[in-house]
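Trainee: Below are the sequence and a predicted model for it; my questions follow.
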Amino acid sequence: MMEAGRKRVGEMESYRECVKSDCELLLTRFKLTESVRFEVFSKIWKDMKFSHIFCGTERQEKRGFSRLALDTACSYFLPPFNFQIRVGGLYLMYSLFCCQDASPPEQIRLALKDWEDMKKFEKDALDASHMDVIFILRQLFVHKAFQFTAMPTLLAFRKHKVKPSMLHEEFIERPSRPQELININMLEELSNIHELYEKQKTAVSPSLGHLDSSVKLIREDLVPQLRSTVMDFYKWQQQKNAPPEDDSGEGTSSSLQECSRRADLLSSIKSKAFGLAAEACKSRRHRQVELDLATESGPAPLLGHTRRRKPSLKARTDKNVHISGDVWKDALTTTNIHHLSSLESVEEKTRKRDDSKC
């Protein structure tokens, strides 16, 4: 029975990429509308006949496939996706939850760590007066569609490991930390603190109506300058992410100039590289690298490695050791081994041989 359960889990995981591609196709069409209205989403849902995604599942596969579809849709409801894609993920979760054929209906797993992100998303939608987003989210709460868990995925012993999938780059929200840090409320608070600071400086100043230069510790136009800096960064970010214009002649000429500058830079680097001798590697450091510098009228300089053969030990001995006279003749004669091991001289051997003859 456990083996059959593991087999069904493996089959469900094989459907994950197909479900993910279908969800991304629907969200891509919803993104092109540049809208967050549920009416627009429902029209795309009906045109694609997305409710037929549950058709064809067998009885024992209904609950597993519903859990797979809801988990896939829930991944688009959470960061790092932008606000429109997260709204589309919310609509997709609601539609799949209402159209599933599992009884009782399968709930949407939501980890406790994602609760703060969901509440922040609800606050942003409420501040922007997106009432249809708030209505759909409240409907999910009313129908008890969420199951708050410790982990976002269901853990089991020896469960088939799910490979992490790549995120869709077009759905990911661009980094906007400066805009989040420097918001309207913070600028208003900073402006009030700046006014109080100016009043305190005027109160402690010895001369009435004139501030001492020693107490001017911050810029007077701090708040407007901070706001303008954030706006300039936002405009630069929009221009950087905007698609390039191919029709403009100025862009073409600038790109050509950039290419020519890069080509000149590469040629200068290559000329410098070939004009100098390269450092030898560790295995060839005993070989000397010689650079033949020719004259301007002569041929081009040739780089090459010249190998100097070291003289043998016999040649160095003949060159450094000088022997003359009879010693040199004795040195050239061959020495026998038994002569080295003999303890008596040649004359004693001869005398003994003569005595024996007598």
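Mentor: In hand now; what should we look at? Residues are numbered from 1 along each chain as shown.
Trainee: Arg138 is in contact with Glu122, correct?
Mentor: No. Counting by C-beta atoms under 8 Å, Glu122 does not reach Arg138; the two are 9.1 Å apart. C-beta here means a position set from N, CA and C on the backbone, and glycine is covered the same way.
Trainee: any common contacting residues for the two?
Mentor: The contact sets of Glu122 and Arg138 do not overlap (C-beta atoms under 8 Å, 6 or more residues apart in numbering).
Trainee: So if I had to pick from these two, which one is more boxed in?
Mentor: Glu122 (15 against 11; other C-beta atoms under 10 Å).
Trainee: Name the nearest residue to that one, sequence neighbours excluded.
Mentor: Leu137 (6.1 Å; C-beta to C-beta, 6 or more residues apart in numbering).
Trainee: Whichever strand or helix holds that neighbour: what's the following helix or strand?
Mentor: Secondary-structure element containing Leu137, defined by DSSP states H and E: helix 131-142. For helix 131-142, the succeeding helix or strand toward the C-terminus, using DSSP H and E, is strand 146-149.
Trainee: How about the contacts made by the nearest residue to Pro152 once chain neighbours are set aside?
Mentor: Of all residues not flanking Pro152 in the chain, Ala111 sits nearest, at 4.3 Å (C-beta to C-beta, 6+ apart). Applying C-beta under 8 Å, 6+ apart to Ala111 gives the contacts Phe148, Thr149, Ala150, Met151, Pro152.
Trainee: What pLDDT is listed against Ala111?
Mentor: Note for Ala111: predicted pLDDT of 92.
Trainee: ok, what's across the strand from it?
Mentor: Thr149 (DSSP bridges).
Trainee: circling back to that earlier point, wait, which of the contacts of Ala111 is closest to Arg63?
Mentor: When the contacts of Ala111 are compared for distance to Arg63 (C-beta to C-beta), Thr149 wins out at 16.4 Å.
Trainee: quick one: that closest one and Asp114 touch, right?
Mentor: No. Taking contacts as C-beta under 8 Å, Thr149 lies outside contact range of Asp114: 10.0 Å.
Trainee: Those two - which one has more neighbours?
Mentor: Neighbour comparison, Thr149 and Asp114: the larger count goes to Asp114, with 17 against 14 (by other C-beta under 10 Å).
Trainee: Just give the closest residue to that one, not the sequence neighbours.
Mentor: That would be Leu78: by C-beta to C-beta, 6+ apart, it lies 5.6 Å from Asp114.
Trainee: now do Gly89
Mentor: Of all residues beyond its chain neighbours, the one nearest Gly89 is Tyr76 (3.2 Å), with distances taken as C-beta to C-beta, 6+ apart.
Trainee: Can you name the residues that contact that neighbour?
Mentor: Applying C-beta under 8 Å, 6+ apart, the residues near Tyr76 are Cys23, Leu27, Ile85, Arg86, Gly88, Gly89, Leu92, Phe171.
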